[in-house]
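Enquirer: Sequence and predicted model, in that order:
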Amino acid sequence: MDKILLRDIRLQMKVGTTRQERGQAQPCRADLTLWQPLDKAGDGRLDKTVDYSAVYSRVEKLCESRTFTLLEEAALLMCREVLKHFPVRKVRVRIGKTSPFSEKLGFVGVQVERRRSWLS
């Protein structure tokens, strides 16, 4: 199956289990993989594929306009938004904090993958 890749999306998110963590936006990074046949887009027409600029905008708006307790919550909402608004068969979201709770960690995150049938 063909894939559309959005890698290294830089986000500022309010996310954490403590009030202090959620008090100010933290640097996060996300990767999205969208499964969708791309044969019809071979003629160069945007309407025959997924507009990944629109996917990026929707994900950025979602992540930067809300407060999350867990990264899992953010990842699953991202899956829901993409599957609900774009004609993809499956989506994978990898998201994490780039300045986590310990200086000994460079990244802490989660990865989830959902198919369109998950919306039912």
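Expert: That came through, no problem.
Enquirer: residues touching F107, list them.
Expert: Listed by CB atoms under 8 Å, 6 or more residues apart in numbering, the contact set of F107 reads R29, G96, K97, T98, P100. (Each C-beta comes from the backbone N, C-alpha and C, glycine too.)
Enquirer: tell me the contacts of the fourth one?
Expert: By that I understand T98. T98 neighbours (CB under 8 Å, 6+ apart): P27, C28, R29, G106, F107.
Enquirer: Specify which member of these is nearest to A74.
Expert: C28 (8.2 Å; CB to CB).
Enquirer: The contacts of T98: which two are farthest apart?
Expert: Longest span within those, CB to CB: C28 and G106, 12.8 Å.
Enquirer: Those two: who's more crowded?
Expert: C28 (25 against 11; other CB atoms under 10 Å).
Enquirer: Quickly find the element holding that one.
Expert: Assigned by DSSP states H and E, C28 belongs to strand 26-35.
Enquirer: so how far is that strand from its chain's centroid?
Expert: 4 Å (CA atoms, centre = their mean, to the nearest Å).
Enquirer: Give the next helix or strand downstream of that strand.
Expert: According to DSSP H and E, the helix or strand after strand 26-35 is helix 52-65.
Enquirer: Please enumerate residues in contact with that next one?
Expert: With CB under 8 Å, 6+ apart as the criterion, helix 52-65 contacts 4, 6, 9, 11-13, 25, 28, 30, 32, 34, 74, 77-78, 81-82, 85-86.
Enquirer: any weak-confidence spans in this structure?
Expert: Within the chain, no range satisfies pLDDT under 70.
Enquirer: how about 90 then?
Expert: Residues of the chain meeting the criterion pLDDT under 90: 1, 21, 41-43, 45-48, 100-103, 106, 120.
Enquirer: Reformat the contacts of F107 into a markdown table and put secondary structure and distance to R19 next to each item.
Expert: Below are the contacts of F107 laid out as a markdown table (DSSP: H, G, I helix; E, B strand; the rest coil; distance: CB to CB, whole Å):
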| residue | secondary structure | distance to R19 |
| --- | --- | --- |
| R29 | strand | 24 |
| G96 | strand | 21 |
| K97 | strand | 16 |
| T98 | coil | 21 |
| P100 | coil | 17 |
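Enquirer: Many thanks, have a good one.
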